[in-house]
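*Asks:* Have a look at this fold, sequence not included:
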């Protein structure tokens, strides 16, 4: 079965490594991930500040394209895109008049039946059960799973995980051998859109977050959102200014961590693109160990 | 020829604003068999009822249809009016134009047409109604009160003082309920136990009250006035008659570190225990889950030390059946448990506690003897944050209702804290302060003005531990949602009041309805607040919704007066809307073929076998017979009867078919 992929702008630009790692692990697990053709911007934070119709029409067009291509499921790795698409689908399903109006605007058929999944749901559904067969090098690190604001909220619409104390990413991390720490900033704000306009605020908010993760013994932070990543990684200078000390804690996408655990090489996963160098402590496992003979269960046609 | 009178009620604007009542009356007048038809603003009012009575006499009516609201409320009203005018009350029916029509549709011709159709079906039904006589049943003048908290205690005492027998069943080893756990009570700050324990003792000593603690109601049969309840008296492993309650066994028991339920886990108890010193009855029970003898087969220390040899390890559970005429459910409430608040660290951090735990901390009989000391290290907390609405009024948590008691007890907590820790600061995060009640608002103001509680309007997003402090992150919405961070030594969550464990199962066992939150449902939220939809079963206290002590006591007295009212008659009249097996002339006698499918499906065991005998005593035929005392008119037998020999009186097949045919008919 083919699964649609909507990368959005970040995954083609500042977060190319997120896209690379998503595609790489999908390939490793033989999942047919197909990018939606002719996709457009989801509207991001800008559209819904300007016009409600625009903020709904943009994601609706993407969903209509996915429907046209026959995807039952659409993977949206960027948390902000995931939020916009999910909100749109929810609002249009709730209000038939609005739905007709938006269909009119985009000039395409739109049913609203595509199942929108985020990267954690994607991993949980297609990868988690397979990980042990592909495991190359257990990811034995203390990690702080950072969910940010949009992955689990608003709960009424997304109905995914616990909004105040999410666990899904922690579960995936345990599966690859990591030790997710218990910390207090799982869903606190990283500074979000201030990434460009008010880097001082990003420094403070992301700084507090990194400080707590460090204090509680995390070796690295795991994220699933390009915005969170750029604030925590790219704005490290501002963070260090706020903390008044150096901090070299790497920030990895969840897909990169999985990629490392199944033995994909660093370049394929785009680790070299990070601002904070990805230096992880030796885990004692033999890095040069040959890949274990992989025995996969025989797939049966359903 | 039938002479039906039809009375269309406007119900003020409830029906009149949507349905053209005059037109309905007009159209119905032309239906064959309708002798009189009119509309009126309030049919249930005295002039409205007089209108019906006069019409019955004047037009010599043989049946009445009142087209108004749902029959639940006013069917008895109109049937009584008809009876007063000399018409058999069961010849009067209600057509529901309010709930089934005007409330759910827009104003318009279609709506009026629907109203006409509804009335027409009822006219056809009433044409086929027959006069019925109410059934008389005797009343067992003994009440069963389930739950021995303050509501159950009050209800038991009130019924017993009215001169009736009461059986009080309590699940725990002692009566007293949550109130016995409280330190002081709002708004007077009088000691909870000081006012409750005398009542508990009164219950134990009252000649009319039989108290069964450590017992549960397992099943219920019968109906109002004639219930049969099955009670399981769990084995206490002691002989209550021999035990003197000296307490020696509890001091010698080697298994001592069991978290005490009464102390909300803040203190320990042994395996043989009395929940608290003032318990009634003040005799221990053995907790079989933790007792060494029951778990490992060795020990029997209590048996050795008992001076009166009252320990009975082989004592079985006792199941008894009691006959009662009325039941009062007072099973109380519970509070939300830890897993609900991962973001507040409830259950993770020792110093994040709930309101009941704080009551135990503040109580003179509690684990700290009334000194406010935090659970983790026993230090006196200098900054305490109280969080109101922890779970309540939070649709995201699945609890949309207000738990009602938390605003008041949180204010009380800040006072109790400040009265004991003078240099401490009490912070309260709140959404609104709901202090409706006599002296309640004044009480909250006193906490703020005199005891200096710092009230912050806003909610707490998260609590985490850092360097031995609990960091409480919240927002002050009166200062424009400004973020607030407080370094607290202890946090008290006013967790939502929820239905008690096992409430749903009990409701199903007793056949009473309950709401989506598993609180027991009252028959009418305003006018029948202590009745359930099952006749003879009443409610009191927080098993219905979170309630404070005064409200629970008031409800208990209300329920008790209902019971006393019920017991003031020596027999009850029951609605004759029950199933009957038809009887025909010989040689058939009945169309019943005696398959007794009905007997297998009847949930009330109301179907008996009747032998029809010839003069010489020879059995001609065995047919089903329905016991009118037991039948509840559910209709299951009617649906199952293969020869269509059973009908529900008042809802016969003929009547229902006539209704359907009237709907299908073109005007």
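*Replies:* Noted; the coordinates are in hand. Small disclaimer: the values here were computed from a predicted structure and weren't measured. Numbering: from 1, shown residues only, chains lettered A, B, ... in the order given.
*Asks:* three-state assignment of the residue in the stretch 501-650 of chain B positioned nearest to chain A?
*Replies:* Per C-beta to the nearest C-beta, residue B:516 is where the stretch 501-650 of chain B lies closest to chain A, at 17.3 Å. Where C-beta positions appear, they are placed from N, C-alpha and C, glycine not excepted. Three-state call for residue B:516 (DSSP: H, G, I helix; E, B strand; the rest coil): coil.
*Asks:* ok, how many other residues are close to it?
*Replies:* 9 (other C-beta atoms under 10 Å in any protein chain shown).
*Asks:* ok, now the one 5 residues further on?
*Replies:* Residue B:521 sits with 18 neighbouring residues when counted by other C-beta under 10 Å.
*Asks:* residues in chain A within reach of chain B, list them.
*Replies:* Residues of chain A lying close to chain B (C-beta under 8 Å from any C-beta of the partner chain) are A:155, A:156, A:162, A:163, A:164, A:165, A:182, A:183, A:184, A:188, A:212, A:215.
*Asks:* Repeat the analysis, applying 10 Å as the threshold.
*Replies:* A:153-156, A:162-167, A:182-188, A:212, A:215-216 (C-beta under 10 Å from any C-beta of the partner chain).
*Asks:* Filter those residues down to the buried ones.
*Replies:* A:153, A:163-167, A:183-188, A:212, A:216 (16 or more other C-beta atoms under 10 Å in any protein chain shown).
*Asks:* can these go into JSON lines with extra columns for pLDDT?
*Replies:* Putting these into JSON lines (pLDDT from 0 to 100) gives the following:
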{"residue": "A:153", "pLDDT": "89"}
{"residue": "A:163", "pLDDT": "85"}
{"residue": "A:164", "pLDDT": "82"}
{"residue": "A:165", "pLDDT": "86"}
{"residue": "A:166", "pLDDT": "92"}
{"residue": "A:167", "pLDDT": "93"}
{"residue": "A:183", "pLDDT": "90"}
{"residue": "A:184", "pLDDT": "86"}
{"residue": "A:185", "pLDDT": "91"}
{"residue": "A:186", "pLDDT": "92"}
{"residue": "A:187", "pLDDT": "91"}
{"residue": "A:188", "pLDDT": "90"}
{"residue": "A:212", "pLDDT": "93"}
{"residue": "A:216", "pLDDT": "93"}
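*Asks:* and residue 205, what does it touch?
*Replies:* Answering for chain A, as no chain was given. Residues counted as contacts of residue A:205 (C-beta atoms under 10 Å, 6 or more residues apart in numbering or on different chains) are A:185, A:188, A:189, A:190, A:191, A:192, A:194, A:231, A:235, A:239, A:242.
*Asks:* meant chain B actually
*Replies:* B:211, B:280.
*Asks:* separation between it and residue B:165?
*Replies:* 15 Å (C-beta to C-beta, to the nearest Å).
*Asks:* ditto for residue A:101
*Replies:* Taken as C-beta to C-beta, the span from residue A:101 to residue B:165 is 70 Å.
*Asks:* The two: which is more packed in?
*Replies:* Neighbours were counted for residue A:101 and for residue B:165 using other C-beta under 10 Å; residue B:165 has more, 19 against 14.
*Asks:* And the helices in the stretch 151-300 of chain B?
*Replies:* When assigned using DSSP state H, counting those that start in this stretch, the helices of the stretch 151-300 of chain B occupy the ranges B:192-205, B:248-252, B:292-296.
*Asks:* Can you give the contact residues for the host helix or strand of residue B:538?
*Replies:* Residue B:538 belongs to strand B:537-539 when assigned by DSSP states H and E. By C-beta under 10 Å, 6+ apart, the residues outside strand B:537-539 that reach it are B:143-146, B:151, B:155, B:220, B:223-224, B:227, B:326-331, B:510-512, B:519-523, B:528-532, B:545, B:555-556, B:558-563, B:566.
*Asks:* Of those residues, which belong to helices?
*Replies:* Counting by DSSP state H, the contacts of strand B:537-539 place B:151, B:155, B:510, B:555, B:556, B:558, B:559, B:560, B:561, B:562, B:563, B:566 in helices.
*Asks:* among these, which two are most distant?
*Replies:* Maximum pairwise distance in the ones in helices among the contacts of strand B:537-539, criterion C-beta to C-beta, is 20.8 Å, between B:510 and B:561.
*Asks:* neighbour-wise, which of these two wins?
*Replies:* Taking other C-beta under 10 Å, residue B:510 and residue B:561 do not tie; residue B:510 has more neighbours (20 against 16).
*Asks:* Show me the helices in the stretch 551-667 of chain B, by range?
*Replies:* Counting by DSSP H, counting those that start in this stretch, the segments of the stretch 551-667 of chain B that form helices are B:597-601, B:636-640, B:653-664.
*Asks:* now swap in the stretch 101-250 of chain A and tell me
*Replies:* A:119-126, A:128-134, A:155-158, A:168-175, A:194-197, A:199-215, A:226-229, A:236-243.
*Asks:* can you check the stretch 301-450 of chain B too?
*Replies:* B:301-305, B:355-362, B:406-420, B:440-449.
*Asks:* list the helices and strands the last one packs on?
*Replies:* Read that as helix B:440-449. helix B:406-420, strand B:425-430, strand B:454-457 (3 or more C-beta pairs under 10 Å, 6 or more residues apart in numbering or on different chains; DSSP states H and E).
*Asks:* mind checking the end-to-end distance for stretch A:128-143?
*Replies:* Length of stretch A:128-143, first residue to last, C-alpha to C-alpha, to the nearest Å: 18 Å.
*Asks:* Find me the pLDDT at the spatially most central residue of chain A, would you?
*Replies:* Residue closest to the average C-alpha location in chain A (C-alpha atoms, centre = their mean): residue A:224, at 2.8 Å. Note on residue A:224: pLDDT of 96.
*Asks:* Kindly provide the distance from it to residue A:123.
*Replies:* Residue A:224 sits at a distance of 9 Å from residue A:123 (criterion: C-beta to C-beta).
*Asks:* correct me, but residue B:628 touches residue B:604?
*Replies:* No: using C-beta atoms under 10 Å, residue B:628 makes no contact with residue B:604, being 11.4 Å away.
*Asks:* So for these two, which residue has more residues nearby?
*Replies:* Applying other C-beta under 10 Å to residue B:628 and residue B:604 shows that residue B:604 carries more neighbours, namely 19 against 16.
*Asks:* Point out the most buried one among the helices of the stretch 551-667 of chain B.
*Replies:* helix B:636-640 (a mean of 17; mean count of other C-beta atoms under 10 Å in any protein chain shown).
*Asks:* helices and strands around it, which ones?
*Replies:* Against helix B:636-640 (3+ C-beta pairs under 10 Å, 6+ apart) you get strand B:579-581, helix B:597-601, strand B:646-648.
*Asks:* pLDDT (mean, whole number) over that helix?
*Replies:* 93.
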